[in-house]
Structure formats: structure tokens, C-alpha cells
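**Q** Give me the fold of what follows.
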Amino acid sequence: MLCALAAGCAAAGLSVAQAQPNSKDPDEATLRGDMSNGDRVFLRSAGGLIVRDREIGKLGKRRFQKPALREWAASLEKKSDALYRDMTDYAERHKTNLPLDMSEVSRRMVDRVAESKGATFDRDMVRTVRALLEEQVRVFTDSAETAEHQEVAALARRAADDRRTLLQALDKAAPRS
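**A** From the prediction side, this is the model:
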């Protein structure tokens, strides 16, 4: 199951970038070189992942059995909202659209976990979210190092740091067994 989740995380990032084209023609910012294609792809991919995290947070707030996990889910939603707003602000200044919804791959993955109930839901969701966040830390850290624009690198570093903090909080709310 974890292998499928990791593959889903990787596929989600790719499918979001491919499924959310900005337009058929490059915009002026692209032609002027204000944002590299790599930075643009990162923002679109990361935007889809952050939207997914926000939805996972909403689901967790409603469905987690343990109060500590519901609080953690609220934190995931709040941090994801703030990061998405900042990414959207940057993207709009550079005439790039971010996805408004998660990819179909992410939607199916979240729906599959949502089918669980009670303690099984808690266990499955924690396992899923932990794997997703660990992958995001790696991806966002790499993206921060390869970003061409300093603001994109800063957004990627912030995303990686947020996800590390969320992982630490998740480990406190639901220690690994």
C-alpha cells in the first residue's frame, strides 16, 4: 500500500502539472523570461499537492477519532491554506495559474482512505499522510535547491519546512507503532 501511495504522490505531482496548462500561447512573462518553465511547473505541481493537503485536513478534522489528530488536521488545513494563498499571489504576479483542485489520482487516493471507519480510518489516514508528507519534504527540498527564482526557492523551502513541522506534530499525535 505504501508503494502505491508513493507512486500516487509522484503521479499526482506530474498529472497536476500536465493537466493544468496555462494557455496555448506563452504569456509575456514567459517570453520575457520572468519565470522559468521549471519554476512554473513546480508551482503548478506544488499547488495541486497543497490543495490535496488542505482537503485531507478538512477530512481529518471531521473523521479522526482522536482529538489530537483532529487538531493536527486543522493545522494541516490552516498551513496549507496560507501556503496556497502565498503561492497563488506569486503565480498571479507572474501570470501563471495554479490548480484549484487536486488531481484525479489524488482524489481517488483520498476517497479510498475515506472509505475506512473509526480506528481503521485513523490508522490508514495517518499512514497515508505520513508517506505523502515525507515525499513532499524531499520534493520541496530538491525544488528549493533547483529553483531559478529566489522567491520560488523561498516558497519551496517554506513548503518543505511546513511539511517537516507537520510530520513532527503528526509523530506526537500518532506515534509510529
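**Q** Check the protein for its longest helix and report it.
**A** helix 118-146 (DSSP state H).
**Q** next helix or strand past it?
**A** Using DSSP states H and E, the helix or strand that follows helix 118-146 towards the C-terminus is helix 150-173.
**Q** and the angle from that following helix to helix 118-146?
**A** 150 degrees (axes from the mean of the first three to the mean of the last three CA atoms, to 10 degrees).
**Q** Put the alpha carbons of helix 150-173 into CSV.
**A** Only the C-alpha atoms of helix 150-173 are listed here, as CSV (Å, rounded to 0.1, in the frame of the first residue of the first chain):
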residue,chain,number,x,y,z
GLN,A,150,14.7,33.3,-5.3
GLU,A,151,11.0,33.7,-4.4
VAL,A,152,10.2,30.3,-5.8
ALA,A,153,13.1,28.8,-3.9
ALA,A,154,11.7,30.6,-0.7
LEU,A,155,8.3,29.2,-1.3
ALA,A,156,9.7,25.7,-1.8
ARG,A,157,11.8,26.0,1.4
ARG,A,158,8.8,27.2,3.3
ALA,A,159,6.7,24.3,2.0
ALA,A,160,9.4,21.8,3.0
ASP,A,161,9.7,23.4,6.5
ASP,A,162,6.0,23.4,6.9
ARG,A,163,5.8,19.7,6.0
ARG,A,164,8.7,18.8,8.4
THR,A,165,6.9,20.6,11.2
LEU,A,166,3.6,18.8,10.3
LEU,A,167,5.4,15.5,10.3
GLN,A,168,6.9,16.2,13.8
ALA,A,169,3.4,17.1,15.1
LEU,A,170,1.9,14.0,13.5
ASP,A,171,4.5,11.9,15.2
LYS,A,172,3.5,13.4,18.6
ALA,A,173,-0.3,13.0,17.9
